[in-house]
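Student: 3D model of this:
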Amino acid sequence: MKQLRPKINRRREGGIALVTALMISLATAMVLGASLAVVLTSNSLGWSQVRSETALQLADAGVNSELQYLSQNVAQVNITLKSSQPVAAVGVTLKYPGENYAVKGRQGTVPGFDGGVFWVYSSNDAAGTVAWDGVSTPYYITSSGYVNKTWSRIQVTCKSSSLFNLFASGSQGSYSGDTVGVVANPGAGVVINGPTTINGQVTTGTGATVTSPQVINANTCTYSSGQYTNTNVASGGKLVTKKTPYVYPTCANVYKQSCGHPEEDDDHAWARCKSSCNNSTGVYTYRSDANDDTIKSSNCQRATFSGNTLNNSCWNNAKTRPGTYDSNWWWWWNPTVSVQTLIFEPGDYYFSSVQLAYDASCEMVVDPQAFASGGTPGQVRFWVHDLAANHPTDDSIALPISNTCANGQAVDPGMFRIYCGKDNKECRFTRPNSCKDWQGNTISGDFEFKCGVYACTKQPNTVVNSSGACQQQADDSTKHGCKIHLYGCSTRSKGCAKITGSCLSDKMIFDGGCTLNFQASAYCDKDPSCGAQITGWCRK
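Tutor: You can find the predicted model right below:
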């Protein structure tokens, strides 16, 4: 019996070892299983995060696409074509997570995003129920990115960005019948303090110079030569190119948008402008009993002004600015002139003709602060147009224009706008070679016009199609564009014709010393918009 015990113990020990091994194997399997589950979960979360970030990038790309879309369609008369509409995407049944309506907006894709797409729209309200009207500010751009069943949506708050706040000078040119956008005649020393762009060609006479810190040759799809060169770039500046042309809305379309009647044809729009202008109600002058020449309601009264012609005879019934007439006995030896003043209050003014020669007895004041009337500050806008049947003439301004501003602030050129809508005509801003003030003193220095000047009647007839190729579109050969013509003194030292603000036109012509001094506007109410300035961002 004693010899059998060891065999029994060995069997028991073998069974215990087997059980132990099985338990270790099970524990190991459980650990490995748990580890694998963690790895798989982490891997799943990682891919989910990647898809989410990719969708966010797609949504961001959608916002950038819409900003470009707004810029490209600024000239559209139909509001529904100016921006992407907040309507259900055609043929799309996908819905946002947790929401019971289909995606809205214009669909787009971005190469390299593995089939991902975005939908984007612009609206007056954050909810996306009202399409952006092309004027209201702020407004909203909403973009949704979708990739591999993963959504991401963002919304940016925008305010309109005025075309006047882009360039010191912009010349459309490049249309049938006149491919030249800028002409600098011999002897012209043209200084542009700010970016300038041209769609067409530039010509400079012998000795003429044009310089700018940033020169942009646009519409290189059509013009590979004849545009600005490095000689036109100021020290430290740069020359850049852009394949597509800059396209601005016509003056008529700007007015249609500002008055809320984009459906009208041009002639009806100008007729509306003429009938609703402030010519008879918005012009003021001094009172006969004014205590001093401070422009304020107690010193000013409404002027007798009628008709749609602005020339020097309009000052015949204006009152004298206090302190500008000396009746002393020695007047015959040192005569002085009584200066008659016209003050233009905020509003729209329509003129079929503007002919303002220099005259020391005529003082013109633009009063966007409404000091003379005691009213509400706002833009002063001149609309210059005449029907072709009336044989319109060129317009000319050789009279200094003063601007009022809020106390302690500088003049904002955004408070005064001049829109020239006469096709194949020009509007001239002149600094006469020699002139004297009301006291008989010779005037030195520049004639500075602080405003935004807009003279566009025709759009370029070249576009770049979806495949990136140049394409000619229908062109109205009866129109040749509107010209802005600056006449300075024969040399810059004697005085320049100077526009401080921005000048956007079909064509620019320079004679003598000329300066375009870019100054962005703080006030841009009803200005033509080219896109958006983003003021806020949120993830929805």
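Student: pLDDT below threshold where in the stretch 51-200 of the chain?
Tutor: 97-98, 113-114, 176-177 (pLDDT under 70).
Student: let's see 80
Tutor: By pLDDT under 80, the low-scoring segments of the stretch 51-200 of the chain are 51, 71-72, 75, 77, 89-102, 111-115, 135, 149, 174-178, 187.
Student: can you map out the strands along it?
Tutor: 106-109, 117-123, 139-147, 150-162, 169-171, 180-184, 189-193, 196-198 (DSSP state E, counting those that start in this stretch).
Student: quickly run through the sheet partners of the first one, with directions.
Tutor: Counting by DSSP bridges, the strands paired with strand 106-109 are strand 117-123 (antiparallel).
Student: try the longest one
Tutor: Strand pairing for strand 150-162, determined by DSSP bridges: strand 139-147 (antiparallel), strand 529-539 (antiparallel).
Student: among those, which comes closest to residue 251?
Tutor: Nearest of the strands paired with strand 150-162 to residue 251, taken as Cβ to Cβ: strand 529-539 at 15.0 Å. Using the backbone N, CA and C atoms, a C-beta is placed for each residue, glycine as well.
Student: who touches that closest one?
Tutor: By Cβ atoms under 8 Å, 6 or more residues apart in numbering, the residues outside strand 529-539 that reach it are 56, 67, 70-71, 74, 134-135, 138-139, 141, 152-163, 166.
Student: just the endpoints, please. Distance across stretch 79-99?
Tutor: Start and end residues of stretch 79-99 are separated by 28 Å (Cα to Cα, to the nearest Å).
Student: sorry, wrong one. I was asking about stretch 507-516.
Tutor: 14 Å.
Student: before we move on, back to that, of all the strands of the stretch 51-200 of the chain, which one is nearest residue 355?
Tutor: When the strands of the stretch 51-200 of the chain are compared (using Cβ to Cβ), the closest one is strand 180-184, at 22.9 Å.
Student: distance between that closest one and the chain's centre?
Tutor: 22 Å (Cα atoms, centre = their mean, to the nearest Å).
Student: where do the helices sit along the protein?
Tutor: For the chain, the helices defined by DSSP state H occupy 5-72, 251-259, 266-276.
Student: is residue 366 in a bridge, and if so with what?
Tutor: According to DSSP bridges, beta-bridge pairing links residue 366 with residue 344, residue 403.
Student: which of the strands paired with strand 150-162 sits most buried?
Tutor: Counting by mean count of other Cβ atoms under 10 Å, strand 139-147 has the highest mean neighbour count of the strands paired with strand 150-162, with a mean of 25.
Student: neighbours around residue 445, how many?
Tutor: Using other Cβ atoms under 10 Å, residue 445 is surrounded by 10 other residues.
Student: that one and residue 497 touch, don't they?
Tutor: No. With contact defined as Cβ atoms under 8 Å, residue 445 and residue 497 do not form a contacting pair (11.7 Å).
Student: anything in contact with each of those two?
Tutor: With Cβ under 8 Å, 6+ apart, residue 445 and residue 497 have no common neighbours.
Student: that older thread, right, and the strands paired with strand 150-162 - which one's nearest residue 360?
Tutor: Here strand 529-539 is closest among these (Cβ to Cβ), at 40.2 Å.
Student: measure how the closest one sits relative to helix 251-259, angle-wise.
Tutor: 40 degrees (axes from the mean of the first three to the mean of the last three Cα atoms, to 10 degrees).
Student: quick one: residue 243 from residue 218, how far?
Tutor: 8 Å (Cβ to Cβ, to the nearest Å).
Student: can you check residue 456 too?
Tutor: 14 Å.
Student: same check on residue 530?
Tutor: 13 Å.
Student: same check, this time on residue 386
Tutor: For residue 386, the distance to residue 218 - Cβ to Cβ - is 30 Å.
Student: quick one, which of those two is more surrounded?
Tutor: residue 218 (27 against 20).
Student: residue contacts, that one?
Tutor: Residue 218 touches 197, 198, 199, 241, 242, 243, 244, 245, 246, counting by Cβ under 8 Å, 6+ apart.
Student: can you rerun that using 7 Å?
Tutor: 197, 198, 199, 242, 244, 245, 246 (Cβ atoms under 7 Å, 6 or more residues apart in numbering).
Student: which among the residues you listed gets closest to residue 480?
Tutor: Nearest member of the contacts of residue 218 to residue 480, counting by Cβ to Cβ, is residue 199, at 14.4 Å.
Student: what does the closest one show for phi and psi?
Tutor: Main-chain torsions, residue 199, degrees, to the nearest 10: phi -90, psi -30.
Student: thought residue 219 was touching residue 174?
Tutor: Yes. Counting by Cβ atoms under 7 Å, residue 174 is a contact partner of residue 219 at 5.0 Å.
Student: how many neighbours does residue 432 have?
Tutor: That count, for residue 432 with other Cβ under 10 Å as the rule, works out to 16.
Student: contacting residues for it?
Tutor: Counted by Cβ under 7 Å, 6+ apart, residue 432 has contacts 358, 398.
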